[in-house]
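Chemist: The amino acid sequence is not available; the structure is as follows:
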């Protein structure tokens, strides 16, 4: 076990050194993600670590700002648990957003945050008869916050939390589990920059 930990530490040290030398460059970024629902999204789909998504973006480093910007669009799916005793829901979202990336000097880490808009498609999966595209289909505001680890000039990994809006019935007051309004999820993502 000690040899494994020593080897892992050496690999991480080499990766960190390489990532510190990596030059910031503008370019297209492709991302693939594993999602885990949180809050109202978990109430709706009733399972964890089953979501997935993709994202295409453009990373730019304007001079004089001290931050980089990632403009992106993507699609994410949080499938509902298969069950016969209770209603669950499949959640899918188209999304568009902009992140500000703050590089932490002397480390391969950066913090990112920014607004997004989501268009949720929610479909009943179990219990009552299946109904497609329930609730509000309009674009709704979201926000995400996360940490990115730069492996080298092209590859990075990141994890983040996204909070969004959606209402199953816009004319009803919020009731947890009955009229959810704030689906959220954790993202574990691999990113490749061209």
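Modeler: Cool, got the structure. Keep in mind that what you see is a predicted model, and the values were worked out from it rather than measured.
Chemist: was I right about residue 117 contacting residue 97?
Modeler: Yes - between residue 117 and residue 97 there is a contact at 6.9 Å, judged by C-beta atoms under 8 Å. (Glycine included, C-beta is placed from N, CA and C.)
Chemist: remind me which residues of the chain are low pLDDT?
Modeler: In the predicted model, the chain carries pLDDT under 70 at residues 1-24, 43, 45, 48-49, 83-86, 126-136, 167-181.
Chemist: Please identify every residue contacting each of residue 117 and residue 97.
Modeler: Taking C-beta atoms under 8 Å, 6 or more residues apart in numbering as the criterion, residue 117 and residue 97 both touch residue 142.
Chemist: quick one: the helices in this protein?
Modeler: For the chain, applying DSSP state H gives helices covering 2-21, 40-45.
Chemist: mind listing what the nearest residue to residue 154 once chain neighbours are set aside touches?
Modeler: Leaving aside its sequence neighbours, residue 154 sits nearest to residue 193 (C-beta to C-beta, 6 or more residues apart in numbering; 5.3 Å). Residues counted as contacts of residue 193 (C-beta under 8 Å, 6+ apart) are 25, 27-29, 59, 153-156.
Chemist: Of the residues you listed - the most surrounded one?
Modeler: Using other C-beta atoms under 10 Å as the neighbour test, these are led by residue 156, with 22 neighbours.
Chemist: give me every residue that touches that one.
Modeler: With C-beta under 8 Å, 6+ apart, residue 156 has these contacts: 148-150, 190-191, 193.
Chemist: Closest to residue 82 out of these?
Modeler: residue 190 (27.5 Å; C-beta to C-beta).
Chemist: Quickly note the distance from the closest residue to residue 189 other than its chain neighbours to residue 76.
Modeler: In space, and not counting its chain neighbours, residue 189 is closest to residue 33: 4.1 Å by C-beta to C-beta, 6+ apart. Separation of residue 33 from residue 76 (C-beta to C-beta, to the nearest Å) stands at 7 Å.
Chemist: The residue sitting nearest the centre point of the chain pairs with what?
Modeler: Centroid check for the chain by C-alpha atoms, centre = their mean gives residue 187 as the closest residue, at 3.9 Å. Going by DSSP bridges, residue 187 is paired in beta bridges with residue 35, residue 160.
Chemist: That one: what's it in contact with?
Modeler: 33-35, 53, 144, 146, 158-162.
Chemist: Show me the two of those residues that sit farthest apart.
Modeler: 34 and 144 (15.2 Å).
Chemist: Specify which residue of these two has the higher count of neighbours.
Modeler: Under the criterion of other C-beta under 10 Å, the comparison of residue 34 against residue 144 puts residue 144 first, with 20 against 15.
Chemist: what about the closest residue to the more buried one other than its chain neighbours, neighbour count?
Modeler: Closest residue to residue 144 apart from its sequence neighbours, by C-beta to C-beta, 6+ apart: residue 162 at 4.1 Å. For residue 162, the neighbour count with other C-beta under 10 Å is 23.
Chemist: Residue 162 contacts residue 142, doesn't it?
Modeler: Yes - with contact defined as C-beta under 8 Å, residue 162 and residue 142 form a contacting pair (5.8 Å).
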